[in-house]
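**Q** with the sequence up front, the predicted model follows.
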Amino acid sequence: MKNTRFFADYGMIMVLLLLCIFFSIVTHGEQSPTGEAAARQVLASISGQGGASPRVLIAASDQPGDAEFASTLERTLTGAGARVVATVRGGPRDAREALVKASAGGEPLDAIACTQAAGAWLVFADLGRDFPTLGHPPVITPRSYRWPNFLKSENLLNIANQIAVIAIVAIGMTMVIISGGIDLSVGSLLALSAVLAARFIRDFAGGAEAGVLGLVVSCVAAILVCGVVGAFSGFMVTQFFIPPFIVTLAMMLVGSGLAYILAEGQSIYQIPDSFVWLGRGSDFMGLPNAVVLMIVLYVLAHVLMSRMKLGRYLYAVGGNGEAARLSGVPVKRVLMFAYVASALLAGLGGVVMASQLKSGSATYGNMYELYVIAAVVVGGASLSGGEGRMLGTLTGAFTIAVIQNGMNLTNVESYTQKVVLGLVILGAVMLDKIRHAR
Amino acid sequence: MSGPLLEMRGMVKSFPGVKALRGVDLTLRAGEVVALLGENGAGKSTLMKVLGGAQTADEGEMMIDGKRVCFRSPQEARAAGVAVIYQEFNLVPSLTAVENIFLGQEVTHGGWIARKQERVRAAALFQRLGADIDLDAPCRRLTTAQQQLVEIAKALAFDARLMVMDEPSAALTAHEVTRLFEIIRDLQSQGIGIIYISHRLDEVAVIADRVMVLRDGKNVGEKRMADMTRNEMIELMVGRQLKDEFPARTPNIGAPRLVVSHLARGKAVCDVSFTVGRGEILALTGLVGSGRTEVARLIFGADRGEGGEIQLDGRVLSIGSPREAIAAGIGFLTEDRKQQGLVLNHSVRENFGLPNLSWLSRHGFVNLARERDVLTRYVDQLRIKVPGQEERAGHLSGGNQQKVVLAKWLARDCTVLIFDEPTRGIDVGAKFEIYRLMNDLAAAGKAIVMISSELPEVLGMADRILVMHDGRITGEITDARTATQEHIMQLAHA
């Protein structure tokens, strides 16, 4: 009994895991280590050659991971008593220059340490003939290994980062859908919020020179404006009994129109560099800040929905509004909360996106309402209300992200991706129905 | 004499955790009315769903006119001439009577619906039933009795030879029930076999030729109606001897707690005033649609009234919503459990918590452990049969659903409780327990208003009776012990 319930609630997690396994197998391939790990490996093999103070030349490209490799290796080799003759950060031409210089000194090299890519440079191919004075130094590269591209930590973080905005907006959508409604305005509000935040920063907080306080106030103000729009939707739904679909459809148009008007048809990019902290920084255990924010919000939302009175009321209103009202549930206030929360979270999503892209534009969030609804529905919520889970929505958002990412990695072109994504969403919900129909 | 119209033999049907049917037999001859009795959960509904093609049996065989049949869908059952009229009708509220009658069996000419022909046939059917029904009105505007006639007409439209009527009289007035019986007699004389399911034994005694009782998914007795007594029926259903239908009680009525004066709302409620004392059970009766429920909804703040005053323990209340009414100490157990009383796809615990979260939570957080403890107490006290607190309310039988509704209001500790048709669709055993609980509540000093159409219940339970007609109180019987059903009916038709 308990087990079947678990699978009914979290069966989507199984689907997500299966997808991950599938993409792991498909993207399995040759990997060359970079950065610190590679440096440690090369250091170990140089020390393994013996010799009191080997003379080493380091070669790597100037890409971030390679540069890290080079500097770490230089530091640790020197620390271990080796002499680093030169550290090349660039291309084969730089390497040749360094070799010419080293051979001019007349002393032989004991090793050339380089990244895998650099090891294949032609300049190192026939050292004995080209630079006889260097004395046939071995070219030492980190060993390659096999590992799925999909499961590389950068890729996994990338998935989380890509979906963070949609997942954050989906929290509010889950509440609205559980309450028996729908919110089509979130994509537009996201754009409105991004434009507003960017404009506030540009016009009032000092543009590219804006301080932290100015940034925070601008963002909060933009989010609050979205909240007001949400309150308006909620008011229309609760006071005039207009179906949420219609109200939020109207607000979708209004929000998008306002965003274009306020942006005056352009991207707003007069924003300080510090603004990207939220969208691109990663300060906590290597996790992107946007992902940390997303996790925190999900934990809070989960507690709200499962432990708090308000959460219980949201479920009750969606499950049977009249029974809820006759049981003393403040139905209107509860619905109001759902729409305001959804709008605020859409606004927050807009700020995160503006931070990721370091600009504000009215084109952001186009069609996002559909992705967000898809995430919620794939996560097991019922569009007729009363059913759904926050963690289900998170699973749903990640399912969509993993499919998109996996198809990118396997070079499926974007039009085909849309087709596949559409079918997968349908399939996921169908599975859910079959499971519940048992 | 020819063979039976319907023969079911050894029907078995299991659901996860429950064996609903354990080898049930049933026979029905053409032109016969068989009453199918049993407590809730005895297997009546399941048996009828199997017959109607809504569910398929695990074992057993079913024969119509001696031919073996097995219905995999309601359409197949319908094609074989079986019509099941469920308690909650299967009508599309927005469609007219004609459209509903021919829904799924439209009369067509080359793909076009032959509206005229449908109208003529519908009119003929209603004439045959002696019914006066607006053919063009959407069904939601028809009365319950009229909707029932539409259902019957629908069955006749496809030449049904076997009709199942599930609690057909539950929402009808006494007069409408009489009319229904005339129609049943008429159908009977046309050779249609009828399975009549009801909890109202008085009606069964009038209409049925034969009685069949189910208990725990098995046949426990079958007799000609003429050979069966009322007590025998009850004992077979309950499986033990039942001394009284109503528990004994010594009323101890104190000062007025609830004082209602000059309530009004359009035509539904006109100048209604009454009081209910501490420890008193006041019955509010009358025909369906006489404004009883509307009065309750006004007191509870579920509808907006036009003037009037409500006092509770001497305090004048201003109630704008059910929430405020509950906060003031008023509880309302609605007549319609499924639509208004419970969130069916939520758990028993969540339903129970709904009106109680204000005291079961602190700083917005629900104290789940406390909620479970309190519910456990009520589950024991009310003897609610549930596999667990997380079971969906919709999976429970009617009686147990009603007990969950009761539990949630008992836990709220209201000073005034309004019960609207507290025992509708509930079996005899559970009824007795609910009556006992109402008595206990009265003994504890609560003021109780009981709205009921079942006159035996009104007479058996109430201390005082108010009768309503057309939104007005047309009579008060101060000593319920001296009242008779006839007297009440006279007042109700005033």
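**A** Arrived safely.

**Q** tell me the pLDDT of A:G279.
**A** Turning to A:G279, the model gives it a pLDDT of 84.

**Q** the host helix or strand of A:A194 - contacts with which helices or strands?
**A** Assigned by DSSP states H and E, A:A194 falls within helix A:186-203. Packing partners of helix A:186-203 (3 or more Cβ pairs under 8 Å, 6 or more residues apart in numbering or on different chains; DSSP states H and E): helix A:153-178, helix A:212-239, helix A:244-263, helix A:331-357, helix A:368-378. C-beta coordinates here come from the backbone N, C-alpha and C atoms, glycine included.

**Q** of these, which is nearest chain B?
**A** helix A:331-357 (8.8 Å; Cβ to the nearest Cβ).

**Q** and that closest one, what does it pack onto?
**A** helix A:153-178, helix A:186-203, helix A:212-239, helix A:277-280, helix A:289-307, helix A:309-319, helix A:321-326.

**Q** as TSV, the ones you listed with mean neighbour count would be great.
**A** Shown next, in TSV, are the helices and strands packed on helix A:331-357 (neighbours: other Cβ atoms under 10 Å in any protein chain shown):
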stretch	mean neighbour count
helix A:153-178	24
helix A:186-203	28
helix A:212-239	20
helix A:277-280	18
helix A:289-307	18
helix A:309-319	25
helix A:321-326	23
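
**Q** least confident of the ones you listed, on average?
**A** Looking at those, the weakest mean confidence is helix A:277-280, a mean of 86.

**Q** so what's B:H469 bridging to?
**A** B:R472 (DSSP bridges).

**Q** can you tell me how far it is from B:H493?
**A** Separation of B:H469 from B:H493 (Cβ to Cβ, to the nearest Å) stands at 7 Å.

**Q** which residues are in contact with each of those two?
**A** B:L287 (Cβ atoms under 8 Å, 6 or more residues apart in numbering or on different chains).

**Q** so what's A:L134 up against?
**A** Neighbouring residues of A:L134 by Cβ under 8 Å, 6+ apart: A:99, A:102-103, A:108-109, A:127.

**Q** quick check: chain neighbours aside, which residue is closest to it?
**A** A:L109 (4.8 Å; Cβ to Cβ, 6 or more residues apart in numbering or on different chains).

**Q** what about that neighbour, how many residues nearby?
**A** Residues lying near A:L109 (other Cβ atoms under 10 Å in any protein chain shown) number 24.

**Q** how about B:G445?
**A** So B:G445, with other Cβ under 10 Å, has 15 neighbours.

**Q** same check on B:S14?
**A** Neighbours around B:S14, by other Cβ under 10 Å: 15.

**Q** now do the buried residues in the helix or strand harbouring it.
**A** Assigned by DSSP H and E, B:S14 belongs to strand B:6-15. Going by neighbour count (16 or more other Cβ atoms under 10 Å in any protein chain shown), the buried part of strand B:6-15 is B:6-8, B:11-13.

**Q** quick one: the helix or strand just after it near chain A?
**A** Using DSSP H and E, the helix or strand that directly follows strand B:6-15 along the chain is strand B:18-28. No. Counting by Cβ under 8 Å from any Cβ of the partner chain, chain A has no neighbours in strand B:18-28; the shortest distance is 13.3 Å.

**Q** pull the residues that contact strand B:18-28.
**A** B:4-14, B:34, B:36, B:43, B:46-47, B:50, B:57, B:59-60, B:162, B:193, B:195, B:212, B:214, B:216-219.

**Q** show me which of the contacts of A:L134 are buried.
**A** Among the contacts of A:L134, those classed as buried by 16+ other Cβ under 10 Å are A:99, A:102-103, A:109, A:127.

**Q** out of those, which two sit at the greatest distance?
**A** Maximum pairwise distance in these, criterion Cβ to Cβ, is 10.7 Å, between A:A102 and A:L127.

**Q** give the residue farthest from the middle of the chain.
**A** Unless you meant another one, I'm taking chain A. Largest separation from the mean C-alpha position in chain A: A:G106, at 51.7 Å (Cα atoms, centre = their mean).

**Q** think we crossed wires, I meant chain B
**A** What lies farthest from the middle of chain B is B:G110; by Cα atoms, centre = their mean that is 43.0 Å.

**Q** quick one: A:K418 from chain B, how far?
**A** In this view, A:K418 and chain B are 34 Å apart by Cβ to the nearest Cβ, to the nearest Å.

**Q** report pLDDT for that residue.
**A** 88.

**Q** name the SS class of it, please.
**A** When classified by DSSP: H, G, I helix; E, B strand; the rest coil, A:K418 comes out as helix.

**Q** mind checking how far it is from A:I58?
**A** For A:K418 relative to A:I58 (Cβ to Cβ), the value is 46 Å.

**Q** more neighbours, the two?
**A** Neighbours per residue (other Cβ under 10 Å) separate A:K418 from A:I58, with A:I58 holding more: 26 against 12.

**Q** for stretch B:165-183, measure first residue to last.
**A** End-to-end distance for stretch B:165-183, by Cα to Cα, to the nearest Å: 12 Å.

**Q** what's the burial count for residue 401?
**A** Going with chain A. Other residues close to A:A401 by other Cβ under 10 Å number 22.

**Q** I was thinking of chain B, sorry if that wasn't clear
**A** 24.

**Q** who are the packing partners of the helix or strand containing it?
**A** B:Q401 belongs to helix B:398-412 when elements are defined using DSSP H and E. Applying 3+ Cβ pairs under 8 Å, 6+ apart, one finds that helix B:398-412 contacts strand B:330-333, helix B:348-353, helix B:368-381, helix B:428-443.

**Q** out of those, which gets nearest to B:A131?
**A** helix B:428-443 (32.0 Å).

**Q** contacts for the helix or strand following the closest one?
**A** Next in sequence after helix B:428-443, counting helices and strands by DSSP H and E, comes strand B:447-451. Strand B:447-451 is contacted by residues B:257-258, B:276-285, B:292-293, B:296, B:335, B:415-422, B:438, B:441-442, B:457-458, B:461-462 when judged by Cβ under 8 Å, 6+ apart.

**Q** still on that earlier bit, is the residue farthest from the centre of chain A in contact with A:T133, as I believe?
**A** Yes. A:G106 lies in contact with A:T133 (Cβ atoms under 8 Å); the separation is 5.7 Å.

**Q** just list whatever residues bridge to B:V24.
**A** Bridge pairing for B:V24 - DSSP bridges - gives B:M11.

**Q** what distance do you get for it to chain A?
**A** In terms of Cβ to the nearest Cβ, B:V24 sits 25 Å off from chain A.

**Q** what sits against B:V343?
**A** Taking Cβ under 8 Å, 6+ apart as the test, what B:V343 contacts is A:315-316, A:319-320, A:323-324, A:386, B:350-351, B:354, B:393.

**Q** in chain A, where is pLDDT below threshold?
**A** A:1-10, A:50-52, A:435-438 (pLDDT under 70).

**Q** ok so B:M63 is a helix residue?
**A** No. Under the criterion used here (three-state DSSP), B:M63 is strand, not part of a helix.
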